[in-house]
Every structure is written in structure tokens, then in C-alpha cells.
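S.K.: What shape does this take:
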Amino acid sequence: MPFLVPGTDLRSLTTAFGTDRPYFTPIRCPDPRPEPLRVSARRTPTPSAGVSLDLNKKNDPRWSVCTADELHYVSVPNSDWNLALWRYLPSPQTTEPRNHPLLLLSGLATNAIGYDLSPELSFARSMSAQGYDTWILEVRGAGLSTHGTELGEINGLLEAGQNRATEVRGLSQTPLNIMEVGQRAVTSFADFQERFSTGLEDFQKQLGKLDWDFDHYLEEDVPVVMEYIRTQCKPEDGKLLAIGHSMGGILLYAMLSRSSSQGQDSGFASVATLGSSLDYRPSKSSLKMFLPLANPAQVLNVPVPFGAIYTALHHLVSRTPALSWLKPQVSAQDMMDPELYEKLVLNNFCTVPAKLLLQLATAFEEGGLCDRSGTFFYKEHLCKSNVPILALGGDQDLICPPEAVYETVKVIPEHLVTFKVLGELGGPHYAHYDLVGGRGAPEGVYPHIIEFLNRHDRV
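M.R.: Modelled structure (predicted):
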């Protein structure tokens, strides 16, 4: 198993950390057939199940919320959720056609913006430039995903030429982006205060509707989107490539574990995880400071508005030295342009339910992350997976330190996993988000991922 970290040997880590083998039980899989809606940013033939718009003709700057080539919606069976998929078409300049589409999964309380922060620094565009048909999933409650709206209503609004960024998001009767402060461009502190007050009223009315956990993502959102992408791209072997950052990588690990425990094919040709782990116990993860929030939030059934909180703290940082710890949670020193950092903080984060936080908190307990029943520990059957995995960590990642990444890596068959800790003693350094959109990512991170994808894209 290849392993990259200055002055560290993989075998020494193997000796240092033990292995847990808790007990597992099977799960129910959802109906795999999604109901699609396709919204295209390019003028293409309108498919029978969707609508195609020429977004370039719209003058409203809020259309730029979605910077992908296409926006798709997928209905989750037996629910009121319509999940947003940002699609980046393969570059026409690519000489070598790819065999698999690429799915990108974001972290906790984040939307698709983190993968496409700017034209000059876009993870998604970098992958599509390599010829990959690239899709970013916004799970329920994130970004442009909607609740309580039939696909036909979305279709009707779009055909009427109404603004996608405001109208499609506004279809939801659930405060998906609590107080909307965390996911809409904030131009001033006064702007933030106004949105905070307005959103608080909606928040108080809609508290009970933010009601899902990690297993809803795992059992419903990701599988239905994978099937939809397969129907759109038709890979010869029916498989996808996938990359997950933070919780997105945790989802990929959990899916491999589930399929292995049931003796089923995962549907992935390979996966890459960035700053992800199923078990954080050996590390000094800064997430431990948030653990006290989980149980009170569950008791009170109060969601946590990460977007609003992070935005408020960001505006206070320059005036409050005591908050200087905040930025290193996201990016190492000098690794992000200040304007892009502000864009990320003010537009990328949303609200999460107490149930989701409570389940993710089990990653800090004996056996690591478990399902909602407390009997299925996701790390247990990962050793049975036959899917190649690239696990990347950042040398200054305070949220998911290298020790946490390795705690999951060590249970994966050695011939299937490549583990690399990125960062040099003299710099550059990589904190949690730097692996996706830091200044050094195009030269220091993306080549590792592209080489791995290319190797496993061959059928």
C-alpha cells in the first residue's frame, strides 16, 4: 500500500494503532429507479423527462448560483425530495474518451460550490477537463435541492422563464438553507443581519421538517443518484468513479462496507476520499469541540445552522482575536486567496438536523461510525471490499487529521488502497478544504487523483 508522509512509515502506524471488529446487520435498499428532471445550461435537445433552457440569455446575476454546464433534478422515491445534480460535461478537447462518469460528494453542511469555487480554481472543471463526465450531488437539505415540490412544478416554473436560483430554491417549504445566510452571497454585515432576522421567522415555523440522518443519505440519496447517472451516461460496465470530501468520503466508505456485508457489487470502479474517516478516536480532531452540541440538539430537536454561525463568526474574526482559530479549520496559512475564502465561507454552508449530527458523533465512539440502530459499524466489513481506494489526508487538517484517515485505511486490504498525506515540511501545507480548493491543490493534489482515476477508468 503506497503511503506518503515525511518521516513516517506505514508499518509503524500499523503497530501503533489496533483494529476493531464490531458486529454488523443488513440494511434495506431503496427502489433504484429515479424520476428524472433535466435542466441544461446549454442548448441541447429536450429529453422526454425534463426541460432544457438557455441560461446564457438570462441577465439576472443570481443565475450564476449554479456554475455547472447542466443542472439536473432527481426525485427520491417515497419522499418529497428532489436532489440537485450539477453536471460538468467532458471537455471537447479531450483526446481519450473515458469509460466511467465521475460522482463528487461534498462534506457535512456544504453544497456544490466548494467543488467549483472559481473558474481558475475548480475541482469539478479540472476533472471534466480530463474527459470525465462529472456530477456533483447536493444531498437533501443542501444547495438547490428541494422539498415538497413535484418535478412538474419545477418544470413549469422553468418553462415560464422564472429565475432558477431564487424560484427553484424557493419552492421548498423547508428551511433547507437555514436563514439562507450560509448559502447566498452576503455583501455586508448589515445584509447578513437583515437576512438573519427574516430567516429566523421561517426557521421557527419549519423546525420539525429538518428530519433526516446519515443513513438517509446512504440508503436513499446516493443510490438513486447513482442509478440516474448510469441511465444518463450508460457506462459499459455500469460502474461509476467517485470522489468524496469529508462526509462525502465517509459516505463512500459506508457504501463499500454495506455492499461488502451483503455480498453485493457497490457500483463503483474506484473511489477517492479526501480528509475522511469512519473512526476519529485516535486523532485530536477539532470536531470534538462540537460533540457537546449533538445530544442537546437531539433532545430539543433543534437543527444546527452551520451556515449562519460560520457567517456570523467570519464577520467577527477581524475584530475578535479570540476567533483566530476559525480559519485554520478550513485552510492553512496562505493557501487560499482571501476573496475566495470569503466566498466559500459565505456561500458554501447550510443547516443540518440534530439526527444527522448525533449519528455522525458515533465516529468518535468505540467501533467508529454506526447506523441509526447502533448495531451496524461501517468499518467492520470494509476489509471485504474489492474496490480500489485512494485516501488522501492533509498534513495540517485539524478536522480529519492523518491519524484519523489512517484509522480507516488500515482495515482496507493493502493491495487495494493508496494512502497519501499531502504537505511538505517547508510548505505547502493542506488543511481540510485545501485538498479540494486550496491554492496548491491543482499542482499538489489533483495530479494524484487524476492518475488514480485514469488507472482505474480502464474497462
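S.K.: Apart from its chain neighbours, what residue comes closest to residue 384?
M.R.: Distances taken as Cβ to Cβ, 6 or more residues apart in numbering put residue 260 closest to residue 384, at 3.9 Å, once the chain neighbours are dropped. Using the backbone N, CA and C atoms, a C-beta is placed for each residue, glycine as well.
S.K.: how about that neighbour, secondary structure?
M.R.: helix (DSSP: H, G, I helix; E, B strand; the rest coil).
S.K.: Now do it against residue 383, distance only.
M.R.: Using Cβ to Cβ, to the nearest Å, residue 260 is found at 8 Å from residue 383.
S.K.: Looking at these two, which one has more neighbours?
M.R.: Comparing residue 260 with residue 383 by other Cβ atoms under 10 Å, the one with more neighbours is residue 260, at 20 against 15.
S.K.: Can you check the pLDDT for residue 328?
M.R.: On the pLDDT scale, residue 328 is placed at 95.
S.K.: so who does it touch?
M.R.: 396, 398, 431 (Cβ atoms under 8 Å, 6 or more residues apart in numbering).
S.K.: any idea which of those has the most stuff around it?
M.R.: Taking other Cβ under 10 Å as the neighbour criterion, residue 431 ranks highest of the contacts of residue 328 with 24 neighbours.
S.K.: was I right about it contacting residue 325?
M.R.: No - contact status for residue 431 versus residue 325: not in contact, 11.9 Å apart, counting by Cβ atoms under 8 Å.
S.K.: which stretches of the stretch 51-200 of the chain have low pLDDT?
M.R.: Residue ranges of the stretch 51-200 of the chain with pLDDT under 70: 51-64, 152, 154-200.
S.K.: can you map out the strands along it?
M.R.: For the stretch 51-200 of the chain, the strands defined by DSSP state E, counting those that start in this stretch cover 51-52, 70-75, 81-88, 102-105, 134-138, 146-147.
S.K.: okay, the ones you listed in JSON lines with distance to residue 444 next?
M.R.: Output for the strands of the stretch 51-200 of the chain, formatted as JSON lines (distance: least, Cβ to Cβ, whole Å):
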{"stretch": "strand 51-52", "distance to residue 444": "38"}
{"stretch": "strand 70-75", "distance to residue 444": "30"}
{"stretch": "strand 81-88", "distance to residue 444": "22"}
{"stretch": "strand 102-105", "distance to residue 444": "19"}
{"stretch": "strand 134-138", "distance to residue 444": "20"}
{"stretch": "strand 146-147", "distance to residue 444": "37"}
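S.K.: Make TSV out of the ones you listed and add distance to residue 119 and mean neighbour count.
M.R.: Below are the strands of the stretch 51-200 of the chain laid out as TSV (distance: least, Cβ to Cβ, whole Å; neighbours: other Cβ atoms under 10 Å):
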stretch	distance to residue 119	mean neighbour count
strand 51-52	23	18
strand 70-75	17	24
strand 81-88	12	26
strand 102-105	17	27
strand 134-138	15	28
strand 146-147	27	24
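S.K.: For residue 316, which of those is the nearest?
M.R.: Nearest of the strands of the stretch 51-200 of the chain to residue 316, taken as Cβ to Cβ: strand 134-138 at 28.2 Å.
S.K.: what's the closest one in contact with?
M.R.: So strand 134-138 is in contact with 68, 72, 83-88, 90, 101-106, 111-112, 115-116, 124, 127-128, 144-145, 221-222, 225, 229, going by Cβ under 8 Å, 6+ apart.
S.K.: Distance of the closest residue in space to residue 259 that isn't next to it in sequence relative to residue 418?
M.R.: In this structure, residue 259 finds its nearest non-sequential neighbour in residue 266, 4.0 Å apart by Cβ to Cβ, 6+ apart. Note on residue 266: its distance to residue 418, by Cβ to Cβ, is 18 Å.
S.K.: same check, this time on residue 357
M.R.: For residue 357, the distance to residue 418 (Cβ to Cβ) stands at 31 Å.
S.K.: Over to residue 127?
M.R.: Distance, residue 127 to residue 418, by Cβ to Cβ: 18 Å.
S.K.: of these two, who's got more company?
M.R.: residue 127 (25 against 21).
S.K.: For the residue nearest the centre of the chain, which residues are in contact?
M.R.: Geometric centre of the chain, nearest residue: residue 106, 1.0 Å, by Cα atoms, centre = their mean. Listed by Cβ under 8 Å, 6+ apart, the contact set of residue 106 reads 112, 114-115, 136-139, 142, 245-248.
S.K.: Also residue 405?
M.R.: 273, 275-277, 391-393, 419, 421.
S.K.: Can you check the pLDDT for residue 294?
M.R.: 64.
S.K.: hmm, I was thinking of residue 203
M.R.: 54.
S.K.: Closest one of the contacts of residue 328 to residue 370?
M.R.: residue 398 (24.3 Å).
S.K.: Skipping adjacent residues, who's closest to that closest one in space?
M.R.: With Cβ to Cβ, 6+ apart as the criterion, residue 398 has its nearest non-adjacent residue at 4.4 Å, and that residue is residue 286.
S.K.: okay, now residue 263: neighbour count?
M.R.: Residue 263 has 8 nearby residues by other Cβ under 10 Å.
S.K.: host element of it?
M.R.: Residue 263 belongs to no helix or strand when assigned by DSSP states H and E.
S.K.: Quick check: it vs residue 411, distance?
M.R.: Distance from residue 263 to residue 411, counting by Cβ to Cβ: 18 Å.
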